[in-house]
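Enquirer: what follows is a predicted protein model with its sequence.
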Amino acid sequence: MIPARKRGWLRWLFRRHAQSRVFGTFGSIHLHGAEHMRNAAQTRPVVAVANHSSWWDGMMLIMVSEQLVPTDAYVMMDAANLRRLPFFAGLGAFGVELTSRRDGAAAVRYAADLLDKPGRLVWVFPQGQERPAHERPLRFSSGAARIASLSGALTVPVAFSYVFGGRERPDVYVSIGAPLVDADRHAQARAVERELDRIEAELSEPGREAFETIGRGDRVKAGLAERMLAAATPVRSLPPAG
């Protein structure tokens, strides 16, 4: 697997790049449940499990965990993509070979070791690949549940949805659910489905759910801009475990 090598200056630059890309493409971000992630991260480490329906999910998790609900965030990523885009390691991505059970086990242990204090968060997309947001039931692998079990972290479900409506540009909906304790992969999947249902309810009856609307002109929290970390060593592969 490929470990993360966070670089504060790169995160500072890419956070602004992500904001520019998101608001250059989408009209607004509609956010629900930020307090769930914020409160969980204040007391425990967190595994954030999310559906994976778009390339934009990566940009949105940066927006969420670096600006909207600031945390010390990492993300599990396909090792092939991380080798192609190695700068993501400097943003907190670590790579796993999706076809290797040994590498998968090593990545689970690595993620669990990262989750050693409150405020530390690891993002996992348990579907393993992009799938349509409307596809049900969600089929999750067991890796995220194993990470939470080994680390004692809370699991926070997150749903992402990209919606074309009556305006020129689409909107982004992000719904964050209440933390779960000792949740297996099926419970995690059902929790994310509930957040997708919440988004659908808001779309069918605007104002039904408590979504905060954030536009380009709104002030986005600075997050971790001041936490400039020292430059790390170049990306390298760890030896297989065992």
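Expert: Nice, thanks for sending it over.
Enquirer: which helix runs longest in the protein?
Expert: helix 185-204 (DSSP state H).
Enquirer: what residues of that helix count as buried?
Expert: Residues of helix 185-204 classed as buried by neighbour count (16 or more other CB atoms under 10 Å): 185, 188-189, 191-193, 195-196, 198-200, 202-203. (Each C-beta comes from the backbone N, C-alpha and C, glycine too.)
Enquirer: cool, and stretch 92-100?
Expert: G92, A93, F94, G95, V96, E97, L98.
Enquirer: pLDDT score assigned to the nearest residue to the fifth one once chain neighbours are set aside?
Expert: Across the structure, with CB to CB, 6 or more residues apart in numbering as the measure, the residue nearest V96 apart from its sequence neighbours is A107 (3.7 Å). If you check A107, the pLDDT there is 96.
Enquirer: what's the host helix or strand of A107 in contact with?
Expert: Using DSSP states H and E, A107 maps to helix 101-114. The contact list for helix 101-114 (CB atoms under 8 Å, 6 or more residues apart in numbering) reads 1, 3-4, 45, 47, 74, 76, 79, 94-98, 120, 122, 124, 143, 146-147, 150-151, 238, 240-242.
Enquirer: of those residues, which belong to strands?
Expert: Residues of those located in strands (DSSP state E): V47, Y74, M76, F94, G95, V96, R120, V122, V124.
Enquirer: reformat the residues you listed as CSV; add distance to G215 and pLDDT.
Expert: What follows is these, written out as CSV (distance: CB to CB, whole Å; pLDDT from 0 to 100):
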residue, distance to G215, pLDDT
V47, 30, 98
Y74, 29, 97
M76, 31, 96
F94, 33, 96
G95, 34, 94
V96, 36, 93
R120, 30, 97
V122, 29, 98
V124, 29, 97
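Enquirer: output the contacting helices and strands for the longest strand seen in the chain.
Expert: Counting residues, the longest strand found in the chain (DSSP E) is strand 154-163. Helices and strands touching strand 154-163, by 3 or more CB pairs under 8 Å, 6 or more residues apart in numbering; DSSP states H and E, are helix 34-43, strand 46-50, helix 56-63, helix 143-151, strand 171-176, helix 185-204.
Enquirer: quick one, what contacts K117?
Expert: Taking CB under 8 Å, 6+ apart as the criterion, K117 is in contact with P45.
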